[in-house]
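Undergrad: what would the 3D arrangement of this be:
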Amino acid sequence: MAWFRTLILASLLTGVAMAAEAAHGPGEEPGLFSGTWADALWTVIAFLVLVAVLGKVAWRPLIETLQARQTQIETQLSEAAKSRAEAKKLMADFKEQGATILREASERSQQEQKRATEKTQDEITVMRRQAMEDIENARQAAQEQLWREAGDVVLELGTCVLGHAITQADDGRMMDEAIAKMKETRRGHA
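TA: Have a look, this model is predicted:
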């Protein structure tokens with residue numbers, strides 16, 4: 001259909017051009033405003049037809065293409081603005097998450113340090129208590145050994161003084177009695 005309109009327009013323009021040449025003589029050079037009113041009218045009509053055809057064939061598609069391109073650019077700009085806003089929001093979220101992670105890590109570190117200090121203090125307390133018990137046990141063992149040795153000395157002295165040997169049973173009984181008296185005396189002073 002468009003090719004048919006183009007054919008009609010071309011025929012019309014050719015007719016106008018031939019009429020304009022026929023109106024001039026062979027020796028005259030045509031000027032811009034030379035000619036008759038009919039030539040001027042046909043020129044105006046040809047111009048209007050040309051404008052109408054170009055409007056339909058060239059200008060309208062060109063305008064539609066430009067408008068489509070403008071719409072596409074506006075859409076891309078709005079999407080870019082949305083993407084930028086989202087990126088800023090994500091950046092702020094990531095910064096906040098990073099700060100939160102650092103804060104939590106710092107708190108965990110402090111808690112672990114406190115827990116390690118408490119554990120060390122507990123271990124020191126347990127070791128000190130164990131050491132005190134060991135010292136007390138060693139003191140008691142040394143004291144008992146001292147008493148036994150003192151009993152042996154007393155036994156030897158008793159044998160020398162009494163002149164006869166004390167039996168093993170007498171020795172054990174006297175040793176236990178002496179240790180018990182010494183412990184009672186010791187407890188009384190403590």
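
Undergrad: just name the shakiest helix or strand of this protein by mean pLDDT.
TA: helix 2-23 (a mean of 65; mean pLDDT, DSSP states H and E).

Undergrad: kindly list the longest helix within the chain.
TA: In the chain, assigned by DSSP state H, the helix with the most residues is helix 60-162.

Undergrad: so what does that helix touch, helix or strand wise?
TA: If you count contacts as 3 or more CB pairs under 8 Å, 6 or more residues apart in numbering; DSSP states H and E, helix 60-162 packs onto helix 168-189. Every C-beta, even on glycine, is put in place using the N, C-alpha and C of the backbone.

Undergrad: any idea of the angle the helix it packs on forms with helix 60-162?
TA: When axes from the mean of the first three to the mean of the last three CA atoms, to 10 degrees is applied, the directions of helix 168-189 and helix 60-162 differ by 120 degrees.

Undergrad: return helix 168-189 as CSV; C-alpha atoms alone will do.
TA: Extracted as CSV, the C-alpha positions of helix 168-189 are listed here (Å, rounded to 0.1, in the frame of the first residue of the first chain):
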residue,chain,number,x,y,z
GLN,A,168,57.1,-55.6,121.1
ALA,A,169,53.5,-55.4,122.5
ASP,A,170,54.7,-53.2,125.4
ASP,A,171,56.5,-51.0,122.9
GLY,A,172,53.4,-50.6,120.6
ARG,A,173,51.1,-49.9,123.5
MET,A,174,53.4,-47.4,125.1
MET,A,175,54.1,-45.8,121.7
ASP,A,176,50.3,-45.4,121.0
GLU,A,177,49.7,-44.0,124.5
ALA,A,178,52.5,-41.5,124.1
ILE,A,179,51.4,-40.4,120.6
ALA,A,180,47.8,-40.0,121.9
LYS,A,181,48.9,-37.8,124.9
MET,A,182,51.1,-35.7,122.6
LYS,A,183,48.2,-35.2,120.2
GLU,A,184,45.9,-34.2,123.0
THR,A,185,48.5,-31.8,124.3
ARG,A,186,49.0,-30.4,120.9
ARG,A,187,45.3,-29.9,120.3
GLY,A,188,44.9,-28.2,123.6
HIS,A,189,47.6,-25.6,122.7
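
Undergrad: and the pLDDT at the residue lying closest to residue 179 once chain neighbours are set aside?
TA: Excluding its sequence neighbours, the residue lying closest to residue 179 (CB to CB, 6 or more residues apart in numbering) is residue 147, at 4.9 Å. Looking at residue 147, its pLDDT reads 76.

Undergrad: ok, now how distant is residue 147 from residue 11?
TA: From residue 147 over to residue 11 the distance is 148 Å, taken as CB to CB, to the nearest Å.

Undergrad: compare the two and say which is more crowded by neighbours.
TA: residue 147 (16 against 10; other CB atoms under 10 Å).
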